[in-house]
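Participant: model this:
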Amino acid sequence: MNITTLREYFVPATRVHKFRITGRFASVDLPTSEVYCKSASLPEATIGTIDIPIRGRTYHFPGDRNFSEWTCTLYLDKDFTLHKNLINWQNEYNDPDNNTYKAGKATETLIVEVLAADAKTVARTCELIECFPTKVGQIQLDSTSVELATVDATFVFTKAVYK
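Facilitator: Got it, this is the predicted structure:
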């Protein structure tokens, strides 16, 4: 492989700061929307092993696939609408006033798109299927900070579909 071939392979390369997250971000009657996200990742997937000992040796076979929790840091709007929607989404499957579960669909599909160098073309898409928030993080308030307000949200999902 020569330097020209190597350069053609990586230039223009995918940048980690070019991505977008879309979804309903609440299982209530809200339209699908794009959110302003400070950081996110493509989720981690692991395959367990099934170990079978036979005659002094252990044979390893692929087992179940598991997905780790997915955390993203989201920018908050001036009215905290996104934060309210995330809390209301959690309330759908555990109402804090009555400690009851509301019947119905409490999961959504969230889409993570990694953009190419032109910031328009989608290089990779990951759909998080049957996703719901397990943690809506704290909002850090600081009178000396000039940073935009953010909140960390952690989600679990049934499967990830890559396109």
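Participant: was I right about residue 112 contacting residue 42?
Facilitator: Yes: using CB atoms under 8 Å, residue 112 is in contact with residue 42, at 6.3 Å. In short, each C-beta sits where N, CA and C put it, glycine included.
Participant: any residues in contact with both of the two?
Facilitator: Contact criterion CB atoms under 8 Å, 6 or more residues apart in numbering; residues shared by residue 112 and residue 42: residue 126.
Participant: more neighbours: which of these two?
Facilitator: Taking neighbours as other CB atoms under 10 Å, residue 112 and residue 42 compare with residue 112 leading, 23 against 15.
Participant: who does the helix or strand containing the more buried one touch, helix- and strand-wise?
Facilitator: In the assignment (DSSP states H and E), residue 112 maps to strand 108-115. Counting contacts by 3 or more CB pairs under 8 Å, 6 or more residues apart in numbering; DSSP states H and E, strand 108-115 is packed against strand 19-23, strand 122-136.
Participant: find me the pLDDT at the residue of the chain most remote from its centre, would you?
Facilitator: Of all residues in the chain, residue 55 has its C-alpha farthest from the mean position, at 44.3 Å, by CA atoms, centre = their mean. Listed pLDDT for residue 55 reads 91.
Participant: same check, this time on the one 5 residues further on
Facilitator: The model reports residue 60 with a pLDDT of 94.
Participant: end to end, how far does stretch 49-66 reach?
Facilitator: From the first residue to the last, stretch 49-66 extends over 11 Å; the measure is CA to CA, to the nearest Å.
Participant: what about the residue nearest to residue 72 when sequence neighbours are not counted, how many residues close to it?
Facilitator: Excluding the flanking residues, the one nearest residue 72 by CB to CB, 6 or more residues apart in numbering is residue 40, at 3.9 Å. Residues contacting residue 40 under the criterion other CB under 10 Å number 21.
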